[in-house]
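Asks: Dropping the sequence and predicted coords here.
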2 protein chains.
Amino acid sequence: MSGYPNYGYGDGYGGAPPSQPPYRTHPPPPQQPYGAPSAPYEAPYAAQPGYKPPKDKPHPHQPSASAGGYPPSSAYGNPFASLVPSAFPPGTDPTIIACFQAADQDGSGLIDDKELQRALSGYNQSFSLRTVHLMMYLFTNTNTRKIGPKEFTQVFYSLQSWRNIFERFDRDRSGKIDANELREALLSLGFAVSPVVVDLLVAKFDKTGGGRQKGVEYDNFIECCLTVKGLTEKFKEKDKAYTGSATFTYEAFMLTVLPFLIA
Amino acid sequence: MSGYPNYGYGDGYGGAPPSQPPYRTHPPPPQQPYGAPSAPYEAPYAAQPGYKPPKDKPHPHQPSASAGGYPPSSAYGNPFASLVPSAFPPGTDPTIIACFQAADQDGSGLIDDKELQRALSGYNQSFSLRTVHLMMYLFTNTNTRKIGPKEFTQVFYSLQSWRNIFERFDRDRSGKIDANELREALLSLGFAVSPVVVDLLVAKFDKTGGGRQKGVEYDNFIECCLTVKGLTEKFKEKDKAYTGSATFTYEAFMLTVLPFLIA
C-alpha cells in the first residue's frame, strides 16, 4: 500500500488522525474514536443556530422502510421528488430573510438556481452555476433545483463557516490553499480524509492552471467542501452502524453518485 | 416505490429487461440472466479487433490481493500511478497509428490531454477538456492525464462504436436523443439502467437549454456513455460475484467516485 501507512484512515471515515493538528486553538474538530455514533460530520452545522442536521428529517427519496438496511433499488425512489415547503428557522438573521425575499421575486417561497446564484454573489464572492446546483442538491436532497427558506438559511450559514475556515488556512492571503491546508481545513470541518484523497481533491479542484504551486481557490474550495460533505453523508446513510464500510445496490450506487457529476 | 415497478433492475445491473427492445435488428445486447458471469459490460469492446477487456490486465491501483474481496482502503493504492507503457495492438488501423503519431510531437509514446483533444477533433466532432479527461481516466485507470498507443486505440474504436449507436438512435437527425432513445442506446451498449437513472442522466447531460424537448447531444452523449461505463465498471470491480450489490470502504468510495467529478 502506498501513501498513508501509519494513519488510521483505513478504519473508517470518522477516524481521528494520529496527532493533534497544529491549529487547535479554534473550536476543535470532534475527535471521536472510530465507530462512535456521534460522528464528526454534523459538527459545523450543529453549531449553527436553528440548524437541524439532515438526519432529523426523512430523506424524500429514501423511505424509512429502508433505514438501516440495504434497500432494493426500487425503494430508492424518485430523485426528482418535490421539495418539502419550509420556513425560516426561529432566530434567523433578518438580513438572510431579506436576502431570500429579494431573490424570490414572485413570492412563491422557492428560488431557482439563477436566483440563488445572484443572491449569494453580493458578499464579495461568486459561484458557478455548477457549484450552485451542487448546493441545491445537497441542501434539498432532490434534483429539482429549487430551494426554500430553511435550505437557504443552511446554505448561508455553511458558506459563512466555510469562508472563515478558508481564510484561517489561507495564511499568506494568496487566495488559495494547498493540499496540507486543505486537509486541515476539511478536518476542522469534521471530515477526516486521507492524504491520497486530498491529493485527488486538489488535482480536481485546482483550477489555477497548475504550475509549481498547486492550490484551491475560494470558490473551488466551496465546491470541494460541498462534494466531500455530500459524498460523506451519502456514504453514512448506507453505513448507519459506523462500520467504515457501506453496501450499495447498482441502482443505489448510480443514484448516489450521478447527482454529483455535472451538477 | 416509483418509476419502474415491473422491471427487474432491482435484481442487479446485469438484469435483462422484461421484453425485447424494438431495435433488435442490430447485434443484440447480451441478455444474460441475472448473475451470469459474462455480464453485458464488455459487449461493445469485445467486438473490436485487438481489444482486450480491462479485466484481463491488473488495475494499477488495485493489487490482485484484493480481488474478490473488500480490500482495506490501504490496498486501494495510488490514484496517480504511472501509466504502463503500451504498443498498438496487432492489426490496428494505420490511420489510427498516424493520428496518434501526429499528436505525439515529441515521440515520447504518450500524449497529454490537449493533444488528445486535438487528435480527436478532426472527425466532425469536438470534445470538451472535461470529456477528454474522463476518457483518459477511464482508459488508463490513473489520474495522470497521459495516454499511450493501446489506450488511444481503445478510445478511437469506442468513439466509432458510440457514434454509430448515437446516429442509429437519433432517428430524426435532430442531433440529440431523448430519454427513451438514450435508454435504448445504453442497452445496446450493454448497460441496463433503470428509467429513473436515465431521467437523471438526461437531467445532467442535457445542455440544450432544456425547453420542451429534452435531449442529449452527441458530445454529451459520449460523456454520458463514459460515465455510465466507468461507474458500472468500478461497481463491478467491487461485485465480482455479480450479486448486484457492492461494498466499499469510505476510502475506496471516495477514490472511486472523485475521479468522475470535475474530470
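Replies: Cool, got the structure.

Asks: rest of the way, CA atoms for contacts and neighbours
Replies: Fine.

Asks: okay, now residue A:87: neighbour count?
Replies: Residues lying near residue A:87 (other CA atoms under 10 Å in any protein chain shown) number 12.

Asks: Now do it against residue B:103, distance only.
Replies: Using CA to CA, to the nearest Å, residue A:87 is found at 57 Å from residue B:103.

Asks: what's the answer for residue A:217, then?
Replies: For residue A:217, the distance to residue B:103 - CA to CA - is 32 Å.

Asks: same thing with residue A:137?
Replies: Applying CA to CA to residue A:137 and residue B:103 gives a distance of 40 Å.

Asks: Report the separation between the two terminal residues of stretch A:237-254.
Replies: 15 Å.

Asks: Can that stretch be said to contact chain B?
Replies: Yes - Stretch A:237-254 lies within reach of chain B by CA under 8 Å from any CA of the partner chain, at A:244, A:245, A:246, A:247, A:248, A:249, A:250, A:251, A:253, A:254.

Asks: Among those residues, which one is most surrounded by other residues?
Replies: Busiest of the residues of stretch A:237-254 next to chain B [other CA under 10 Å] is residue A:250, holding 27 neighbours.

Asks: Please tell me how far residue A:83 sits from chain B.
Replies: 16 Å (CA to the nearest CA, to the nearest Å).

Asks: can you point me to the longest strand in chain A?
Replies: As assigned by DSSP state E, the longest strand anywhere in chain A is strand A:245-249.

Asks: Strand partners (parallel or antiparallel) of it?
Replies: Using DSSP bridges, strand A:245-249 pairs in its sheet with strand B:245-249 (antiparallel).

Asks: Beyond the strand it pairs with, next helix or strand please.
Replies: helix B:250-257 (DSSP states H and E).

Asks: quick one, that next one and strand B:245-249 angle?
Replies: With axes from the mean of the first three to the mean of the last three CA atoms, to 10 degrees defining the directions, helix B:250-257 sits at 110 degrees from strand B:245-249.

Asks: so where is chain A shaky, pLDDT-wise?
Replies: Residues of chain A that meet the criterion pLDDT under 70 lie in A:1-77, A:122-124, A:209-212, A:262-263.

Asks: can you pull out the strands in it?
Replies: So, for chain A - with DSSP E - the strands run A:111-112, A:146-147, A:176-177, A:216-217, A:245-249.

Asks: Can you add distance to residue A:91 and give these back as JSON lines?
Replies: Listed next are those as JSON lines, based on distance: least, CA to CA, whole Å:
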{"stretch": "strand A:111-112", "distance to residue A:91": "21"}
{"stretch": "strand A:146-147", "distance to residue A:91": "19"}
{"stretch": "strand A:176-177", "distance to residue A:91": "33"}
{"stretch": "strand A:216-217", "distance to residue A:91": "32"}
{"stretch": "strand A:245-249", "distance to residue A:91": "37"}
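
Asks: Mind checking the ones you listed for the one nearest to residue A:234?
Replies: Nearest to residue A:234, of all the strands of chain A, is strand A:245-249, at 9.8 Å by CA to CA.

Asks: hey, C-alpha coordinates of the closest one in PDB?
Replies: Extracted C-alpha coordinates of strand A:245-249, given in PDB (Å, rounded to 0.1, in the frame of the first residue of the first chain):
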ATOM      1  CA  SER A 245     -18.000   0.100   5.000                       C
ATOM      2  CA  ALA A 246     -21.200   0.600   3.100                       C
ATOM      3  CA  THR A 247     -23.000  -1.600   0.700                       C
ATOM      4  CA  PHE A 248     -24.800  -0.200  -2.400                       C
ATOM      5  CA  THR A 249     -27.000  -1.900  -5.000                       C
END
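
Asks: what are the ranges of the helices in chain A?
Replies: Taking DSSP state H as the test, the helices found in chain A are A:43-46, A:94-103, A:113-120, A:129-140, A:149-169, A:179-188, A:195-205, A:218-237, A:250-257.

Asks: Now tabulate those helices in CSV and tack on distance to residue B:81.
Replies: Converted to CSV, these look like this (distance: least, CA to CA, whole Å):
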stretch, distance to residue B:81
helix A:43-46, 34
helix A:94-103, 46
helix A:113-120, 38
helix A:129-140, 29
helix A:149-169, 29
helix A:179-188, 18
helix A:195-205, 12
helix A:218-237, 23
helix A:250-257, 24
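
Asks: Contact partners for residue A:85?
Replies: Residue A:85 makes contacts with A:109, A:148, as judged by CA atoms under 8 Å, 6 or more residues apart in numbering or on different chains.

Asks: switch to 7 Å and redo it
Replies: Contact partners of residue A:85, counting by CA atoms under 7 Å, 6 or more residues apart in numbering or on different chains, are residue A:148.

Asks: and the gap between it and residue A:204?
Replies: In this view, residue A:85 and residue A:204 are 35 Å apart by CA to CA.

Asks: wait, doesn't residue A:183 sit right on residue A:198?
Replies: Yes - between residue A:183 and residue A:198 a contact is recorded at 6.2 Å, counting by CA atoms under 7 Å.

Asks: out of the two, which sits in the more crowded spot?
Replies: More neighbours surround residue A:183 than the other of residue A:183 and residue A:198, with 23 against 20 (other CA under 10 Å).

Asks: Please report how far that one lies from chain B.
Replies: Residue A:183 sits 14 Å away from chain B, going by CA to the nearest CA.

Asks: so what's that residue up against?
Replies: residue A:198.

Asks: which outside residues touch stretch A:95-109?
Replies: Contacts with stretch A:95-109, where a contact means CA under 7 Å, 6+ apart, come from A:110, A:111, A:115, A:119, A:148, A:153.

Asks: Can I get those residues in JSON lines including neighbour count and distance to chain B?
Replies: Shown next, in JSON lines, are the contacts of stretch A:95-109 (neighbours: other CA atoms under 10 Å in any protein chain shown; distance: CA to the nearest CA, whole Å):
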{"residue": "A:110", "neighbour count": "23", "distance to chain B": "20"}
{"residue": "A:111", "neighbour count": "23", "distance to chain B": "18"}
{"residue": "A:115", "neighbour count": "18", "distance to chain B": "17"}
{"residue": "A:119", "neighbour count": "20", "distance to chain B": "22"}
{"residue": "A:148", "neighbour count": "23", "distance to chain B": "21"}
{"residue": "A:153", "neighbour count": "23", "distance to chain B": "26"}
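
Asks: Would you check which pair of these lies furthest apart?
Replies: Spatially, the most separated pair among the contacts of stretch A:95-109 is A:115 and A:153, at 14.6 Å (CA to CA).

Asks: Name the residues of the stretch 101-250 of chain A found near chain B, please.
Replies: A:197, A:204, A:244, A:245, A:246, A:247, A:248, A:249, A:250 (CA under 7 Å from any CA of the partner chain).

Asks: do that again at 10 Å, thanks
Replies: With CA under 10 Å from any CA of the partner chain as the criterion, the stretch 101-250 of chain A comes near chain B at residues A:143-144, A:193-194, A:196-197, A:199-201, A:203-205, A:227-228, A:231-232, A:235-236, A:238-239, A:243-250.
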